[in-house]
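Peer 1: Build me a structure from this.
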Amino acid sequence: MADVFQSLLTFWIPWEFSFFTVVFYSLAAGLYWRGIRHSRESGRQISLWRQFGFYTGILLCYFVMHTEYDYYAQYMFFMHRIQHLVLHHLGPFLIALSLPFGVLWSGIPGRIRQFLVPYGNASFIRGSYRVLQYPPVAIVLFVGLIFFWLTPEIHFVAMLNQNLYQLMNWSMLLDGLLFWWLIFSPYHPGGVGHIHYGWRILVLVLIMIPQNLLGAYITFSESMLFDVYDVCGRAWPLAPMTDQIVGGIMTWIPPAMMSVVGILILLGRIRSQAVERNDPPGVDGQLVAPGRA
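Peer 2: The predicted structure follows:
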């Protein structure tokens, strides 16, 4: 039993230590904890489910980026695809669903908040954010990054260059956070969260199509697409084509399922809003004409 416990602890030791990664995740967890305390002192309660979602998302992302798991992600294609499934989908999905940004903001010390306010309100910052959150741009970025980093020639170089490898992982995480915040942020007509839930559902449907095609292509390909794992050697004695097939399935099925879950959550929000107004769902055109506010 002691050996198992020691092995589990050892697994959490970073494969390649990154000071920036430690600071990023520690800062996020610390600010959220401060924000929860501040909310309680102000008489506002953050539900346990939201806290659980945020910390689970943070922990999952840290786990695949900065533990021994990172070694297997560099030497097994299917483990790499699970890594990006967490960084681009599952982790940001849970974090965004917990609606953490108000809590994080309140966790920042007052003087620093005052210093940051002018920058947050700057037209360049707000304009850039709106461009990144414009649905067509968000779709292209979300799907395009997957295709870009899975282009065999680019993937080969990224897996052999540590700086490119880190850029690949961080770009997937940051884009995932932006995308899923677009999907789950509260709906405020005319405000930052101005995109109607109906349009968000359409976005989730649209991203499924190219992701499914890419995953199916990798899964059913009869040729070896990612030979970098043959060059570097695999962590486990798994047949190369089996590794590629499983990786293709990880690129195909779980992301599609998460889009479906996201759609169900948004449909639940639309229904809740309709019930609050004592309207039957769809009467105001929310399900029929998603662009109406």
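Peer 1: Let me see the contact set for Pro254.
Peer 2: If you count contacts by C-beta atoms under 8 Å, 6 or more residues apart in numbering, Pro254 has them with Leu85, His89, Leu90. For glycine as for every other residue, the C-beta is placed from the backbone atoms N, C-alpha and C.
Peer 1: Same list (these) but as CSV, adding distance to Phe19 and secondary structure.
Peer 2: Listed next are those as CSV, based on distance: C-beta to C-beta, whole Å; DSSP: H, G, I helix; E, B strand; the rest coil:
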residue, distance to Phe19, secondary structure
Leu85, 26, helix
His89, 27, helix
Leu90, 25, helix
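Peer 1: For ChimeraX, write the select line for the buried members of the residues you listed.
Peer 2: Selection of the buried residues among these in ChimeraX, burial being defined by 16 or more other C-beta atoms under 10 Å:
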select :85,89,90
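Peer 1: Pipe the contacts of Pro254 into JSON lines and attach pLDDT and distance to Ile139 per row.
Peer 2: Formatted as JSON lines, those follow (pLDDT from 0 to 100; distance: C-beta to C-beta, whole Å):
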{"residue": "Leu85", "pLDDT": "98", "distance to Ile139": "18"}
{"residue": "His89", "pLDDT": "98", "distance to Ile139": "15"}
{"residue": "Leu90", "pLDDT": "98", "distance to Ile139": "19"}
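Peer 1: Could I get the phi/psi values of Phe17?
Peer 2: Dihedral angles of Phe17 (phi, psi; degrees, to the nearest 10) stand at phi -70, psi 140.
Peer 1: quick one: contacts for the closest residue to His89 other than its chain neighbours?
Peer 2: Nearest non-adjacent residue to His89, counting by C-beta to C-beta, 6 or more residues apart in numbering: Met258, 5.1 Å away. By C-beta under 8 Å, 6+ apart, the contact list for Met258 reads His89, Leu90, Phe93.
Peer 1: residues contacting the first one?
Peer 2: Taking C-beta under 8 Å, 6+ apart as the criterion, His89 is in contact with Gly176, Pro254, Pro255, Met258.
Peer 1: do the same with Leu132
Peer 2: Leu132 sits in contact with Ala138, Leu141, Leu178, where contact means C-beta under 8 Å, 6+ apart.
Peer 1: correct me, but the second one touches Phe179?
Peer 2: Yes. The criterion here is C-beta atoms under 8 Å, and Leu141 meets it with Phe179 at 7.4 Å.
Peer 1: between these two, which one's more packed in?
Peer 2: Applying other C-beta atoms under 10 Å to Leu141 and Phe179 shows that Phe179 carries more neighbours, namely 26 against 16.
Peer 1: Quick check, Thr251 in contact with Ile146.
Peer 2: Yes. Thr251 lies in contact with Ile146 (C-beta under 8 Å); the separation is 7.5 Å.
Peer 1: list residues touching both of the two?
Peer 2: Contacts common to Thr251 and Ile146, judged by C-beta under 8 Å, 6+ apart, are Gln211, Leu214.
Peer 1: More neighbours: these two, which one.
Peer 2: Neighbour count, other C-beta under 10 Å: between Thr251 and Ile146, Thr251 has more, with 26 against 21.
Peer 1: distance of that one from Val137?
Peer 2: 22 Å (C-beta to C-beta, to the nearest Å).
Peer 1: what do you get for Ser185?
Peer 2: Counting by C-beta to C-beta - Ser185 and Val137 are separated by 16 Å.
Peer 1: more neighbours, the two?
Peer 2: Ser185 (18 against 14).
Peer 1: How about the backbone phi and psi for that one?
Peer 2: phi -60, psi 150.
Peer 1: Show me which residues of stretch 13-30 are buried.
Peer 2: Pro14, Trp15, Thr21, Phe24, Tyr25, Ala28, Ala29.
Peer 1: what's the closest of those to Ser223?
Peer 2: Comparing the buried residues of stretch 13-30 against Ser223 with C-beta to C-beta places Trp15 closest, at 30.0 Å.
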